[in-house]
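1. next input, structure requested:
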Amino acid sequence: MRFLTWRNLRTPITLLVLVIGLIYAAQWGWRHVVAPIPEPAAPSCVPQQASTLEPAQVSVRVFNGGTKRGLARQVADILEGRKFNVIEVGNVEQDVTTTVILGANDHNPEVQLVLGQFREGASPMGDGRSDGTVDVLVGSDFAGLVPWAQAKQTIDVPGDQVCLPSPTETPTPTPTPSG
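-> Numbering: from 1, shown residues only. The predicted structure is shown next:
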């Protein structure tokens, strides 16, 4: 008669521990997959009285959607040199052909001031964001920026009130441009 030894029990016990761990991991993963995604607090801008808007008042994020490496950083450096408040530089996963300037509305002063820095071919687009930031999606057909002497250096604010980003809020995630 064979006695049960540690040597004979080691494999079944190890297998049992691994199966219990797998079941626990599967349950944990399933709970997190089916859990609702928490809604981030909608960042908002702060209304401010201003008859004109200057680059230092505009918060800009620059993203490369083209094929040229380092283009977003290059554009961001130029915008920083023009006193824009560049808060983020990075890449977007979608391919962007033409340069797109995204803001709450394509006619907002902050969008138009940033648009005034780019050569023809850049297009403004509104996405309804409420945080007052402006995103620049630099595309593969990037035509460049206009010289500073020819660029818009200030812009009139209709109604003498502009909504600028709150310094404590997190900007809205960059949406995919459509069109």
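2. which strand or helix spans residue 37?
-> Using DSSP states H and E, residue 37 sits in no helix or strand.
3. residue 45 contacts residue 132, correct?
-> Yes - counting by Cβ atoms under 8 Å, residue 45 touches residue 132, with 3.2 Å between them. All C-beta spots, glycine's among them, are computed from the backbone N, C-alpha and C.
4. what is in contact with these two at once?
-> 163, 164, 165, 166 (Cβ atoms under 8 Å, 6 or more residues apart in numbering).
5. nearest spatial neighbour of the last one, skipping sequence neighbours?
-> To tie it back to what came earlier, the one meant is residue 166. residue 46 (5.0 Å; Cβ to Cβ, 6 or more residues apart in numbering).
6. how many neighbouring residues does the one you found have?
-> By other Cβ atoms under 10 Å, the residues close to residue 46 number 14.
7. distance of it from residue 57?
-> 11 Å (Cβ to Cβ, to the nearest Å).
8. what's the overlap in contacts for those two?
-> Both residue 46 and residue 57 are contacted by residue 164, under the criterion Cβ under 8 Å, 6+ apart.
9. quick one: mean pLDDT for the longest helix along the chain?
-> Longest helix in the chain by number of residues (criterion: DSSP state H): helix 6-34. Per-residue pLDDT values across helix 6-34 average out to 89.
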